[in-house]
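**Q** Fold the following for me, if possible:
(3 chains)
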Amino acid sequence: MDLIEIRWHGRGGQGVVTASELFAEAAMQDGNYIQAFPEFGPERMGAPIKAFTRICPTPITIHSQVYTPNIVVVLDPTLLGSVDVTQGLGTDGILIVNTPKDAKEIATMLGYAGRLYTLDATKIALETIGRPVANTACAGALVKVSGLVSMDNMMAATKEKFREKLSEKAVLANIETIRKAYEEVSV
Amino acid sequence: MKKTIPDIELMERGHQACLGCGAAHAMRYLLKGLGPKTIAAIPACCWAVIPGVYPYSCMDVPLQYVAFETTGASISGIEAALRAKGKKEGTTVVGWAGDGGTLDIGIQALSGAVERGHDVKYVCYDNEAYMNTGIQRSSATPFGAWTTTTPVGTTKAWKLSPKKNIVEIMVAHDIPYACTASVAYPEDLIKKAQKMKDITGPCFMHIYAPCPTGWKYPPEKTIELARLATDTCIFPLYEVTNGKYRITKRIKDEKKKDVLDYLRMQGRFKSLDEGAIQSIRDHVDFEWARLLRKEECFGEEQ
Amino acid sequence: MKLVLSGNEAAAYGAMLARAEVISAYPITPQTKIVEKIADLIADGRFKTEFIKVESEHSAMAACISASLVGARTFTATSSQGLLLMHEMLHWASGSRTPVVMVNINRAVAPPWSVWADQTDSIAQRDTGWIQYYCESCQEVVDTIMQAYRVCEDPRVLLPAMLSEDAFFLSHTSEIVDLPPQEELDAFLGTYEPDVRLDIDNPRSFGSLSMPHQWYPEFRYKIQEGMEHAVEAIERVDREYGSLFGRSYGGLLDLYRCEDADTVIVAAGSMCSTIRAAIEELRSEGVKVGMARIRVFRPFPTEAFRALAKDVRSLVVLDRSFSMGSEGAFFSEVKAALYPLSDRPDVRGFAVGIGGRDITIETIRSIITDSLRPDTGITAQKWVGLRRCEE
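**A** Sure thing, here's the model as predicted:
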């Protein structure tokens, strides 16, 4: 397996950077080398932002930006149409979109011919966490779709990452979100 | 006879101040009050030269020479390091700066140090201009004064703006203790220094320190002039403890001297016309009345 | 212990692991996370230190210098405009012989406003008497903070050091960072115990006036002597760190695949990792290229460059800064170091990545292709990838 580059789309305040880090941390537990970084520049609440994850079984000797991602994850469906989410994504890539719509509809809308998966991550988050934060649900879907990390390591990374920032209840709710998203996204 | 001034001398002979320098007296008295367990920081000012040229010094306390605008930050660093090293207990950290280094270029660092609440003492000796560089106006230069950057010439271009009130600026920081002092009243100065030493938290002292070189008066008149400044109410002596005002040298109306007595002694005011003198008189009276009202309204309960 | 840390977080952990006793810092993008993380570590009871939240960078450095003179190990961090505001105090720190360690996030200077990677801020401080390290990875940030304290506190060196890391490319990029055990780092670093300090039991004055006929030039000369000792200390400490913790970085000049190289790229900072990847590609195509990474810019690795120059045909120097009216500092100083050699390699210079413009593998490949063209007699530095108004 070579270097995998993932681009995350969302809006400031939606946990986009956290998702990019969380997935990297899970991949690290699988023995990979990783990088996670936000789009460079000031972040404004509500404005479209990007974050990136690099995963590689060998040390990563690159510090430039990501132009041709292997995988794109869209956390916020309202970005479709205003942000070019498939930019640089080849037809051999993977696109995951948080939307209640089905994959075919999104594929037509974006004109994207590669593998495309949709899930209603916002709905899952509302049911489990009680807030419309789709970041962990999307990360859960990515676990299944990409096969890059094991579910066990994703769980472990989630516990570790949120241990200090969130209550125990909120950590468990996020784990439940990831599990549910993993189950609901159909491969 | 009971001694009113401690014997200890922490500023030795052999200093390099001008003849009649008020700031030299000021340091001597201050250290008598603060005592030997004192660490000092001194920025660019006359006192960057007065202690002596390396490797000589007239100072018996540890001293760091600091950059002009950094006194507040430097004493913050010294205090924090003493705390980190478990050596703060019983040690007094004092910043000693001129009026330019305090009211002008150093006001930001001073404000920061006081706002953060470091246990530091900041003393400004005020000779009302940049004297070390040769008598240029500062924001502590009073209205009407000649300096080399407010030359009088034919246009009466003496300093036209009033002196900045640094003590009130400190009071506005909710500082635990701020006071004025004068080299003409050493017991009062030393008592205030001792008070600062015993307070935990930032304290500020504003010392009136006449400068014969810059003010153009005979060097033997330093103490007399300083006394006149207080007796005319140009430089009243008072202290503000936790927001409570107390005048420490009360000037009765009948004993109050006219500003003219003070102005006439100094070459820097020699060109002032009657109108300018009257406006100085009015300003001094207004400020003195205001101070009395502050003491009346926000004084310590007796 | 392996953690995922950004370059900023790595700096905060570095300060904690080095047991900095006084920290004095002011926030600035993109360094902010360093002061926030330090505040977090203190709030969680993991880091015992005096953190002065000063009102400016100028005060940050002033407080560090004074704290260091009391005998405390001190740390600060800044970037760009903040570093420029500190400039006066940088001289004061080296003149006071205070081993302050500072992390600087290399950010462009305004105007126009730019918060992106550019080394102008630290290069502009080259004459301040500070040791200057440039880091390539978040791991190197932590390791170099440890090494820097050892070097700076060496009584024969006794100088401050700044570690630079590129804005965003390191400051905001999370990577795996292996933190050595605290006890082992404590043993490696020891405590800072200066012979002379601000001490009420032994009153001394620090920094008093010195006339031209007295000691001023001698004090300055002692700083240069400290820098000369630093060359040896940096190499030695890096080797010792490597033997203890398994990671070392080539001392002052980090050589990569230079053994049989015809062409060697000279650069500093985060772009060096991308250069490594580009070298792999070029090598697979038969181009014999290597890299000499300027890990330490002050003291300058003069001897290391002269040794390298014996075996290479050309040096390609990349500057992420520019001295207006002249050329990039790396380009100038590499040439100056090689001048006494009778048989000098060809040295070509490129200004690249200014203001955070991305440096990709493609960028490096195009520079190498350009520099491999027969000598056109042009020795001026080229600005890479400038846009034209028509675009």
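**Q** Any idea how many residues pack against B:W215?
**A** Neighbours of B:W215 under the rule other Cβ atoms under 10 Å in any protein chain shown: 24. Backbone N, C-alpha and C define where each C-beta goes, glycine included.
**Q** wait, what's in contact with C:A10?
**A** The contact partners of C:A10, taken as Cβ atoms under 8 Å, 6 or more residues apart in numbering or on different chains, are C:138-139, C:141-142, C:177.
**Q** quick one: which of those residues is nearest A:A26?
**A** Nearest to A:A26 out of those is C:V177 (Cβ to Cβ; 16.9 Å).
**Q** check contacts around B:T102.
**A** By Cβ under 8 Å, 6+ apart, the contact set of B:T102 is B:71, B:110, B:122, B:124, B:126, B:140, B:166.
**Q** Can you tell me which of the contacts of C:A10 lies closest to chain B?
**A** For those, the closest approach to chain B (Cβ to the nearest Cβ) belongs to C:V142, at 22.0 Å.
**Q** Would you enumerate the residues in contact with the closest one?
**A** Applying Cβ under 8 Å, 6+ apart, we find C:V142 in contact with C:5, C:10, C:13-14, C:17, C:177, C:179.
**Q** Name the nearest of those residues relative to C:V157.
**A** Among the contacts of C:V142, and counting by Cβ to Cβ, the member closest to C:V157 is C:G14, at 19.0 Å.
**Q** Can you check the pLDDT for that closest one?
**A** What the model reports as pLDDT for C:G14 is 98.
**Q** Just give the number of residues close to it.
**A** Other residues within reach of C:G14, judged by other Cβ under 10 Å, total 29.
**Q** Any chance of the backbone angles for residue 141?
**A** Here I'm looking at chain A. phi -60, psi -40 (degrees, to the nearest 10).
**Q** My question was about chain B, not that one.
**A** Per degrees, to the nearest 10, the backbone of B:T141 is at phi -70, psi 130.
**Q** After the lengthiest helix in chain C, which helix or strand is next?
**A** Secondary structure assigned by DSSP state H gives helix C:216-245 as the longest helix of chain C. Following helix C:216-245 in sequence order, the next helix or strand is strand C:253-256 (DSSP states H and E).
**Q** ok, and what's touching that following strand?
**A** Contacts for strand C:253-256 (Cβ under 8 Å, 6+ apart): C:136, C:272, C:276, C:279, C:290-296, C:301, C:304-305, C:308.
**Q** now stretch C:212-221
**A** For stretch C:212-221, the external contacting residues (Cβ under 8 Å, 6+ apart) are B:53-55, C:95, C:210.
**Q** hmm, which of those residues are the buried ones?
**A** Buried positions within the contacts of stretch C:212-221, assessed by neighbour count (16 or more other Cβ atoms under 10 Å in any protein chain shown), are B:54, C:95.
**Q** Turn the contacts of stretch C:212-221 into JSON lines, including secondary structure, pLDDT and distance to C:M1.
**A** Listed next are those as JSON lines, based on DSSP: H, G, I helix; E, B strand; the rest coil; pLDDT from 0 to 100; distance: Cβ to Cβ, whole Å:
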{"residue": "B:V53", "secondary structure": "coil", "pLDDT": "92", "distance to C:M1": "53"}
{"residue": "B:Y54", "secondary structure": "coil", "pLDDT": "91", "distance to C:M1": "48"}
{"residue": "B:P55", "secondary structure": "coil", "pLDDT": "91", "distance to C:M1": "49"}
{"residue": "C:G95", "secondary structure": "helix", "pLDDT": "98", "distance to C:M1": "39"}
{"residue": "C:S210", "secondary structure": "coil", "pLDDT": "94", "distance to C:M1": "49"}
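**Q** Chain A: which of the contacts of stretch C:212-221 is nearest?
**A** Top of the list for closeness to chain A, among these and by Cβ to the nearest Cβ, is C:G95 at 35.2 Å.
**Q** what's the neighbour count on residue 116?
**A** If you meant another chain, say so; for now it's chain A. 20.
**Q** that's the wrong chain, I wanted chain C
**A** Around C:W116 there are 21 residues (other Cβ under 10 Å).
**Q** For the closest residue to it other than its chain neighbours, give me the pLDDT.
**A** Once flanking residues are discounted, C:W116 sits nearest to C:G356: 2.2 Å by Cβ to Cβ, 6 or more residues apart in numbering or on different chains. What the model reports for C:G356 is a pLDDT of 96.
**Q** Let me know whether C:G356 touches A:Q65 as I believe.
**A** No: using Cβ atoms under 8 Å, C:G356 is not in contact with A:Q65, being 9.9 Å away.
**Q** Find residues that contact each of the two.
**A** Shared contacts of C:G356 and A:Q65, defined by Cβ under 8 Å, 6+ apart, comprise A:F40.
**Q** More neighbours: those two, which one.
**A** More neighbours surround C:G356 than the other of C:G356 and A:Q65, with 22 against 17 (other Cβ under 10 Å).
**Q** Angles on the backbone of the more buried one, please.
**A** With angles defined as degrees, to the nearest 10, C:G356 sits at phi 90, psi 10.
**Q** I'd assumed C:I34 was in a helix, is it?
**A** Yes: membership of C:I34 in a helix is supported by DSSP: H, G, I helix; E, B strand; the rest coil.
**Q** In terms of pLDDT, where does it sit?
**A** We have a pLDDT of 98 for C:I34.
**Q** just the helices in chain C please.
**A** Using DSSP H, helices in chain C cover C:7-17, C:32-43, C:57-70, C:80-95, C:120-123, C:138-152, C:182-189, C:216-245, C:271-284, C:302-309, C:329-338, C:361-372.
**Q** low-confidence ranges in chain A?
**A** Counting by pLDDT under 70, the low-confidence segments of chain A come to A:1.
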